[in-house]
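Asks: Structure here, sequence nowhere to be found:
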C-alpha cells in the first residue's frame, strides 16, 4: 500500500507549494483540494462562501475529502479548515500519513501581506481582515491540527525545498516501518 501524504495547516503555511515538490520527488499525483473544489464549482471559494455560506462550502469539502482520501499514492493539500470536521480527519487517516505544516502567526501574516493574491483567494474566517484574524483562528484550530497530525513540521525557518525534503524523507521512513522493512 502507498499511503497518501496529507498536508494540513493554516493558510499560507506552504501546503500547496511544498505539496507539489513532494509529489514531484516521489512521482506521485498532487491534488490541491481547494483548487479541485473551485474547478468543480466553477467559482472561487470567496464567491461560494458569499453566495451559499460556510456550511455549503464545508459540505463540498467533505465530499472531496471522502473521494480523494479513499485513493492511494497521492499527495493531498487540504484546506486550512479541513480539521473542523472529525469525519474528514478520520477519512484522511485511513490511508494517509498526515503532516501538519506550521508557521508562527507573525510569519503567516507576513506571507499573507506579501501575497495579496492569497488574501484575495481566501474569505475571512471571522469577519475581520484575513491578516488580523490569524492569531485568533490559529488558537482555535491548533488543538484540532495537533490531534490530526502524525508529524509536525515548521515552515517558518526552512525553505520550501528543505521542508519538502523533510517530508519525503519522513514519508519514506514511515512507509518502510509500515511495510516491516
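Replies: Nice, thanks for sending it over. No experiment lies behind these values; they were computed from the predicted model shown.
Asks: For residue 72, list the residues it contacts.
Replies: 1, 2, 3, 4, 95 (Cβ atoms under 8 Å, 6 or more residues apart in numbering). Where you see a C-beta, it was placed from the backbone N, CA and C, and this is true even at glycine.
Asks: hmm, 10 Å instead?
Replies: By Cβ atoms under 10 Å, 6 or more residues apart in numbering, the residues touching residue 72 are 1, 2, 3, 4, 28, 95, 96.
Asks: Compare these and tell me which is most surrounded.
Replies: Looking at the contacts of residue 72 with neighbours defined as other Cβ atoms under 10 Å, the largest count falls to residue 4 at 25 neighbours.
Asks: ok, longest helix in the chain?
Replies: Using DSSP state H, we find that the single longest helix of the chain is helix 160-178.
Asks: Name the residues of that one that come out as buried.
Replies: 163, 164, 165, 166, 167, 168, 170, 171, 175 (16 or more other Cβ atoms under 10 Å).
Asks: how many other residues sit next to residue 147?
Replies: By other Cβ under 10 Å, 11 other residues sit near residue 147.
Asks: now what about the helix or strand harbouring it, what contacts it?
Replies: In this assignment (DSSP states H and E), residue 147 forms part of helix 134-148. The contact list for helix 134-148 (Cβ under 10 Å, 6+ apart) reads 6, 8-13, 78, 80-86, 88-90, 92-93, 98, 100-109, 111-112, 124-126, 128, 130, 152.
Asks: mind running it again at 7 Å?
Replies: Contact with helix 134-148 is made by 8-10, 83-84, 89, 98, 100, 105, 108-109, 125-126, as judged by Cβ atoms under 7 Å, 6 or more residues apart in numbering.
Asks: Now a PyMOL select for only the buried ones of these.
Replies: Those of the contacts of helix 134-148 that count as buried under 16+ other Cβ under 10 Å are selected in PyMOL with:
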select buried, resi 8+9+10+83+84+89+98+100+108+109+125
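Asks: any idea how far residue 89 is from residue 13?
Replies: 17 Å (Cβ to Cβ, to the nearest Å).
Asks: Name the nearest residue to residue 61, sequence neighbours excluded.
Replies: What sits nearest to residue 61 in space, not counting adjacent residues and going by Cβ to Cβ, 6 or more residues apart in numbering, is residue 79, at 5.9 Å.
Asks: I'd guessed the one you found sits against residue 33; true?
Replies: Yes. Here residue 79 reaches residue 33: they are 6.0 Å apart, a contact under Cβ atoms under 7 Å.
Asks: what touches both of these two?
Replies: By the contact definition Cβ under 7 Å, 6+ apart, residue 79 and residue 33 are jointly contacted by residue 61.
Asks: Mind listing the strands the helix or strand just after the helix holding residue 147 pairs with, and their directions?
Replies: Proceeding C-terminally, helix 134-148 gives way to strand 151-154 as the next helix or strand, assigned by DSSP H and E. With DSSP bridges as the test, strand 151-154 is paired with strand 96-102 (parallel).
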